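[1] Structure for this input, please:
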Amino acid sequence: MEIPKLLNTQIGDVAATSLLTLYCHALESQSKDPILLDPLAVEITDKLTPELSQSDNKLYHSLAKGKVEKKLVVHVAMRAKRYDDYTRNFLERSHKRCSAVLGVSPMSDCIKNRIVVNIGCGLDTRFHRIDNGKVIFYDLDLPEVIAVKKKLLPETDRYRFIPSSVFNYEWMELIRELKADSVLFMAEGVFMYLQEEEVKSLVLKLQSTFPGCELIAEFVKAPWLKPPLRAIINRKLQQDLHLGKDATFKFGIKDSKDLEAWNPGLEFLDDWFYLDEPEKKLGLLRVFKDIPFFRKILWTARYKMN
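    I've put the predicted structure just below:
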């Protein structure tokens, strides 16, 4: 899928979802009583919109006009806010642990103990939303996506890019060499686009390479990937949202604890469901929160990988 001249590269159908996510952040940031404040997303979309508006691509044209379904904007903003909160909580916990073990003061650096890896980062600006002045943060995505991101955001000593497929496990050595005591891996809106064997291989590799790390990932309910429900999701993605044919969900689970069966030491910690939030912008969707089949279509789970 072509991208505007400002970025001068091509990205695939799944990678193109990062533009949709970026615009959801920007639109919500400019709404009344925003769920998420992402001024950098607003700045970036302001740069992209003039060229997107000249494109014949339906997705780009819709984004340029700000025509994104409000329910999707709310969903994506709620997810981003929750993952930001997960990250802040991780940093606070790891610093307390560092302070207790090393006897350092609350304001000490102790940097090596806190590393966050944002798998399939897209054009997200999470580092700039959660930066506490100490975290080392890696954005990991395909080379063509990182090429786009490099034109929009600068790397620093603590904010770094990894242009790689997540399945080229050589990137893990870069993180392992830092010998961090605490590592958080995040997969926001990623696993559902992969095959089950790919997700399982990745999770087990993370567990063996970074014992004690945490994983936060979004999942889709497995029954929704079977006919006729699968057709509903595909129609939503490809017709309503104008995403490419390759942007389709492939992997789902029935329950958050399913991953524990993959290997001893994979420990389910907790999960989070959108409809459980007392968010007024959810509107009438909240009536489904007590119906398991609808409450648990998409959700996020957190794991300790011992």
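[2] how about low-confidence regions in this protein?
    1-11, 95-113 (pLDDT under 70).
[3] can you give me the strands for the stretch 101-250 of the chain?
    Secondary structure of the stretch 101-250 of the chain, counting by DSSP state E, counting those that start in this stretch: strands at 115-119, 136-141, 159-163, 183-187, 213-220.
[4] and these as JSON lines, adding mean neighbour count and distance to Trp262?
    C-beta here means a position set from N, CA and C on the backbone, and glycine is covered the same way. As requested, these are arranged in JSON lines below (neighbours: other Cβ atoms under 10 Å; distance: least, Cβ to Cβ, whole Å):
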{"stretch": "strand 115-119", "mean neighbour count": "24", "distance to Trp262": "17"}
{"stretch": "strand 136-141", "mean neighbour count": "24", "distance to Trp262": "21"}
{"stretch": "strand 159-163", "mean neighbour count": "17", "distance to Trp262": "24"}
{"stretch": "strand 183-187", "mean neighbour count": "25", "distance to Trp262": "15"}
{"stretch": "strand 213-220", "mean neighbour count": "22", "distance to Trp262": "12"}
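[5] what would those strands look like in JSON lines with distance to Gly66?
    Listed next are those as JSON lines, based on distance: least, Cβ to Cβ, whole Å:
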{"stretch": "strand 115-119", "distance to Gly66": "26"}
{"stretch": "strand 136-141", "distance to Gly66": "25"}
{"stretch": "strand 159-163", "distance to Gly66": "28"}
{"stretch": "strand 183-187", "distance to Gly66": "27"}
{"stretch": "strand 213-220", "distance to Gly66": "25"}
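[6] Looking at those strands, which is nearest to Leu40?
    Using Cβ to Cβ as the measure, strand 159-163 is the one of the strands of the stretch 101-250 of the chain that comes nearest Leu40, at 12.0 Å.
[7] Would you mind telling me which of the strands of the stretch 101-250 of the chain is nearest Gln239?
    Distance to Gln239, taken as Cβ to Cβ, is lowest for strand 213-220 among the strands of the stretch 101-250 of the chain, at 18.3 Å.
[8] by contact count, what packs against that closest one?
    Secondary structure elements in contact with strand 213-220, counted by 3 or more Cβ pairs under 8 Å, 6 or more residues apart in numbering; DSSP states H and E, are helix 70-102, strand 183-187, helix 196-209, strand 298-305.
[9] how much distance is there from stretch 145-157 to the middle of the chain?
    Its chain's C-alpha centre and that of stretch 145-157 lie 17 Å apart, by Cα atoms, centre = their mean, to the nearest Å.
[10] right, and the strands of the stretch 101-250 of the chain - which one's nearest Lys151?
    Among the strands of the stretch 101-250 of the chain, the nearest to Lys151 by Cβ to Cβ is strand 159-163 (11.4 Å).
[11] Now find how far off-centre the closest one is within its chain.
    Relative to where its chain is centred, strand 159-163 has its mean C-alpha point 15 Å off (Cα atoms, centre = their mean).
[12] who does that strand pair up with?
    When pairing is defined by DSSP bridges, strand 159-163 lines up against strand 136-141 (parallel).
[13] ok, and what's touching the partner strand?
    By Cβ atoms under 8 Å, 6 or more residues apart in numbering, the surrounding residues in contact with strand 136-141 are 15, 18, 111-112, 114-122, 124, 126-127, 131, 146, 149, 158-164, 166, 171, 175, 178, 180.
[14] Specify the angle between it and strand 115-119 in degrees.
    Between the axis of strand 136-141 and that of strand 115-119 there is an angle of 10 degrees, by axes from the mean of the first three to the mean of the last three Cα atoms, to 10 degrees.
[15] CA atoms only: put strand 136-141 into PDB for me.
    In PDB, the C-alpha atoms belonging to strand 136-141 read as follows (Å, rounded to 0.1, in the frame of the first residue of the first chain):
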ATOM      1  CA  ILE A 136      14.900   2.800  27.900                       C
ATOM      2  CA  PHE A 137      12.200   2.300  25.300                       C
ATOM      3  CA  TYR A 138      12.400   0.300  22.000                       C
ATOM      4  CA  ASP A 139      10.000   0.600  19.100                       C
ATOM      5  CA  LEU A 140      10.100  -2.600  17.100                       C
ATOM      6  CA  ASP A 141       8.400  -3.000  13.700                       C
END
